[in-house]
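Asker: Quick one: sequence and predicted model below, then my questions.
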Amino acid sequence: MKRGIISFLLGAILGTGFGVALGFFAFPFVFPPPPAAETLSAADKSAAVKATGSFVRHDPNDPIHWGKGSVEVREQSLFLKSDFEVGPGPKYHVYLVPKAPVRSSGDVSGEMFVDLGRLRAFKGSQRYDIPAGLDLKRFGSVVIWCEHFSVLIAPADLAHAGA
């Protein structure tokens, strides 16, 4: 009897833990947020484009971690254009990284980076503020990074204007 109760409780605890973990992982796939459709402000449109890039699939054999689309960097903002899209997942962030090219999670680990904030949508145009006084020429990549699992999702090498 005692053994049966212990087995039942252990199964309930493990089952609940597995269910919660599966729910956290599956939620963005089952209920993805709607595509973003942000636009540049008048001040952003008048600012010169400092750098551009395109997101690439860093590992063609990985069906989960991928991204595509283009990005523009201006003096005060980073703009993911309307063709931007990444595979859904938990806790994605937009980073400016000094290193270029970035092609693996190891390329970002140990690097100094600037976190521009949490990704607001897996698809569509989005604008992120860049901290004032940041020397944009020092950054060679924009990276979509999964903070939850410390995994590279999609890198974009930047081509700086006038370089």
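Answerer: Noted; the coordinates are in hand. Numbering: from 1, shown residues only.

Asker: For the residue nearest the centre of the chain, which three-state class applies?
Answerer: Within the chain, one residue has its C-alpha closest to the average C-alpha position: by C-alpha atoms, centre = their mean, that is residue 144, at 2.7 Å. Each residue gets one of three states, and residue 144 gets strand by DSSP: H, G, I helix; E, B strand; the rest coil.

Asker: ok, now residue 63?
Answerer: With three-state DSSP as the basis, the three-state label of residue 63 is coil.

Asker: what's the pLDDT at it?
Answerer: Per-residue confidence (pLDDT) for residue 63: 88.

Asker: mind listing the strands for the protein?
Answerer: Counting by DSSP state E, the chain has strands at residues 36-37, 49-55, 67-74, 77-80, 85-86, 92-97, 114-118, 124-129, 141-146, 151-160.

Asker: hmm, back to that, the residue nearest to the centre of the chain and residue 88 touch, don't they?
Answerer: No - with contact defined as C-beta atoms under 8 Å, residue 144 does not count as touching residue 88 (11.5 Å). For every residue, glycine as well, the C-beta is placed using N, CA and C.

Asker: Domain-wise, how is the protein divided?
Answerer: Taking automatic domain parsing as the criterion, the chain consists of the domains 1-31, 36-160.

Asker: Single out the most deeply packed of these.
Answerer: Sort the domains of the chain by mean neighbour count, taking mean count of other C-beta atoms under 10 Å, and domain 36-160 sits at the top with a mean of 17.

Asker: so how far does that one reach from one end to the other?
Answerer: Looking at domain 36-160, the gap from its leading to its trailing residue is 26 Å under the measure C-alpha to C-alpha, to the nearest Å.

Asker: Name the nearest residue to residue 53, ignoring sequence neighbours.
Answerer: For residue 53, ignoring the flanking residues on the chain, the nearest one in space by C-beta to C-beta, 6 or more residues apart in numbering is residue 156 at 3.7 Å.
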